[in-house]
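Chemist: Quick one: sequence plus predicted model below, questions after.
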Amino acid sequence: MKLDELGNLRRTNLSTQITPKLAGKEVVVMGRVGDARDLGGIKFFILSDIAGAVQITAPKAKTDKKLLAKIDELTKESSVAVKGKVVAAKQAPRGVEVLPLEIRVLNLASTPLPLDPRGRVKANLDTRLDARGLDLRRSESLAIFKIRHQALQAIREHLLSQDFIEVQTPKIVATATESGAALFPVSYFDREAFLSQSPQLYKEVLTGAFERVFEVGPIFRAEEHDTPRHLNEATSIDIEVAYATADDVMDILEELVYRAFNEVKKKCAEELKVLGHKLEVPKKPFPRLTYDEALKRLERAGLKVPWGEDLPTPAEKKLGELVGGAYFVVDWPTAIKPFYILPKKDNPKLCAAFDLMFKGLELASGGTRVHQKELLVKQLKQKGLNPESFESHLKNMMAVPPHAGWGLGLDRLTMVLTGVDNVRECVLFPRDRKRLTP
RNA sequence: GCCCUGGUGGUGUAGCCCGGUCUAACAUGCAGGCCUGUCGAGCCUGCGCCUCGGGUUCAAAUCCCGGCCAGGGCGCCA
């Protein structure tokens, strides 16, 4: 079938703006073809757009033959423009429908579709991700990304209201920033470079100039993890604040997460309903338990973690059961946190680091940073890192003020807000150990 | 990387334990037909599937081994 041109035809109304009040008016709607029905003497199809849907109705006796033939050619999920007359009709969905005067078939979907976009037959996640463009048209997928968008908007608004400046740091870098996570090498002309695993060092440098900065951007981790909560490309919300300590930025984080929950609950009621998720806003203040207390509570629950070790996944899950909701774990052993975290003055075995957990899932981590060059070099060495490879950063860190910050995983936050249990569902086109396409 | 579970039409499942009755079932889909008010429409006709390789056996979707792929649990990591 030959496709039609969009030409200078433009949409006059979104589907949901077509109401019985517009009866008699001529409108142009554009969208994708949903359910189609041919009752012999009358044909219907649903046209869906980002706002919702409207029914296009073509009674055989009153509709041009060529138009009727065109409707027969339409396949589900094809892209169409319909110019037509609005008619109030009791029998129609929402009491209104459009009688077509002109139909432009802008693109035709091939059949059969790789999955059912109406979701009556559930598809596996793998199938869905292979056909992600189509999968994203499902109401559940749409709901997830509307919630993600709403959460990010709430977060941005909050940070901007607190005088933060939004920045963008390089994603192609020369050195690692964290001690642990592996890096993806990229070829940079005749040199080796890496994809950035965190904006850490850059945002710290920027506190010297802008004082309060935040960035929303991709981070890349070359870890071979294969779990429902890890990705090799993730979106991180990072902040860094001059003249502040861990406690100060925890307060910011708490308020910001609280607002994200509240805004989503308020503005995404429909989306939460689609997902069948009852969102509970965590109570403020979020509990703050120390690493030592966490270990004690775990031991009482029959799960012993040796002091000085990071919490293994089962321990995180158990702690999530014990504490529930959103909570901080603070005062971590210095040895298991990165070199840029400030050790505690009264007990250098502990440092001013914190993790924000939601149930068993780590959403964010941060801390008071080391702003003095000598200590930074000392800690680099202690972690077995070579200060020379951080030379350009150290030079740029000249006389930065004392500062603190955190990084929050937007994908994981979206999991919690939507109640979805695989992070892949919260990312448009996820990158994991095995998936590099689409 | 390790452990567990699985892989059946386009999609989602049943069948597998206990081999033959499977010419593989159901739903959805797709193609065509009937119907002037459908809205998860209904009815009729048709289409389409056992992950790959090897083995056991008279006989394999079914049992065994290996590969590949997926889901979950870990590890690593945020």
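Modeler: Cool, got the structure.
Chemist: Please make it C-alpha for all contacts and neighbour counts, starting now.
Modeler: OK.
Chemist: Which residue is most remote from the mean position of chain A?
Modeler: Distance from the centre of chain A peaks at A:Ala61, with 49.8 Å (C-alpha atoms, centre = their mean).
Chemist: Now that residue. Nearest residue, chain neighbours left out?
Modeler: Closest residue to A:Ala61 apart from its sequence neighbours, by C-alpha to C-alpha, 6 or more residues apart in numbering: A:Gly41 at 7.4 Å.
Chemist: Domains of chain A: list them as residue ranges, please.
Modeler: Using automatic domain parsing, the domain parsing of chain A gives A:15-107, A:134-426.
Chemist: among those, which is nearest A:Arg435?
Modeler: A:Arg435 sits nearest to domain A:134-426 of all these, at 9.6 Å, using C-alpha to C-alpha.
Chemist: avg pLDDT for that closest one?
Modeler: On average, the pLDDT along domain A:134-426 is 93.
Chemist: Is RNA strand B within reach of that domain?
Modeler: Yes. Domain A:134-426 reaches RNA strand B (C-alpha under 7 Å from any atom of the strand) through A:178-181, A:221, A:223-234, A:312-314, A:317, A:362-365, A:409, A:421-422.
Chemist: Show me which residues of the stretch 1-150 of chain A sit near RNA strand B.
Modeler: So far as C-alpha under 7 Å from any atom of the strand goes, the stretch 1-150 of chain A lies against RNA strand B at A:35, A:37-42, A:44-45, A:57, A:59-62, A:75-76, A:89-93, A:97, A:111-116, A:120-127.
Chemist: CA atoms only: put stretch A:165-179 into PDB for me.
Modeler: Extracted in PDB, the C-alpha atoms of stretch A:165-179 (Å, rounded to 0.1, in the frame of the first residue of the first chain):
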ATOM      1  CA  ILE A 165      23.600  25.000  39.200                       C
ATOM      2  CA  GLU A 166      23.100  22.200  36.700                       C
ATOM      3  CA  VAL A 167      26.400  21.100  35.000                       C
ATOM      4  CA  GLN A 168      27.600  18.600  32.500                       C
ATOM      5  CA  THR A 169      30.900  16.900  33.000                       C
ATOM      6  CA  PRO A 170      32.800  14.800  30.400                       C
ATOM      7  CA  LYS A 171      31.900  11.200  29.800                       C
ATOM      8  CA  ILE A 172      35.100  10.400  28.100                       C
ATOM      9  CA  VAL A 173      37.800  10.400  30.700                       C
ATOM     10  CA  ALA A 174      41.500   9.500  31.200                       C
ATOM     11  CA  THR A 175      41.300   7.800  34.600                       C
ATOM     12  CA  ALA A 176      39.000   6.000  37.000                       C
ATOM     13  CA  THR A 177      37.300   7.900  39.800                       C
ATOM     14  CA  GLU A 178      36.200   5.000  42.000                       C
ATOM     15  CA  SER A 179      38.600   2.400  43.200                       C
END
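Chemist: Going by neighbour count, which residues of the helix or strand hosting A:Tyr202 are buried?
Modeler: Taking DSSP states H and E as the criterion, A:Tyr202 maps to helix A:200-210. Using 16 or more other C-alpha atoms under 10 Å as the test for burial, helix A:200-210 gives A:Gln200, A:Leu201, A:Tyr202, A:Lys203, A:Glu204, A:Val205, A:Leu206, A:Thr207, A:Gly208, A:Phe210.
Chemist: Redo those residues as CSV? Include distance to A:Lys273.
Modeler: Converted to CSV, the buried residues of helix A:200-210 look like this (distance: C-alpha to C-alpha, whole Å):
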residue, distance to A:Lys273
A:Gln200, 37
A:Leu201, 41
A:Tyr202, 40
A:Lys203, 38
A:Glu204, 41
A:Val205, 44
A:Leu206, 42
A:Thr207, 41
A:Gly208, 45
A:Phe210, 41
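Chemist: So which of the residues you listed is the closest to RNA strand B?
Modeler: Nearest to RNA strand B among these is A:Gln200, at 10.9 Å by C-alpha to the nearest atom of the strand.
Chemist: And the contacts of stretch A:387-395?
Modeler: Residues from elsewhere that reach stretch A:387-395 (C-alpha atoms under 8 Å, 6 or more residues apart in numbering): A:Thr175, A:Leu201, A:Tyr202, A:Val205, A:Lys373, A:Val377, A:Leu380, A:Lys381.
Chemist: Chain neighbours aside, what residue packs nearest to A:Val80?
Modeler: A:Val105 (4.7 Å).
Chemist: Surely the one you found is in contact with A:Asp4?
Modeler: Yes. At 5.3 Å, A:Val105 counts as touching A:Asp4 under the criterion of C-alpha atoms under 8 Å.
Chemist: How are the strands of the stretch 251-400 of chain A distributed by residue range?
Modeler: Secondary structure of the stretch 251-400 of chain A (DSSP state E, counting those that start in this stretch): strands at A:288-290, A:326-333, A:350-358, A:361-368.
Chemist: How is A:Pro170 assigned, secondary-structure-wise?
Modeler: coil (DSSP: H, G, I helix; E, B strand; the rest coil).
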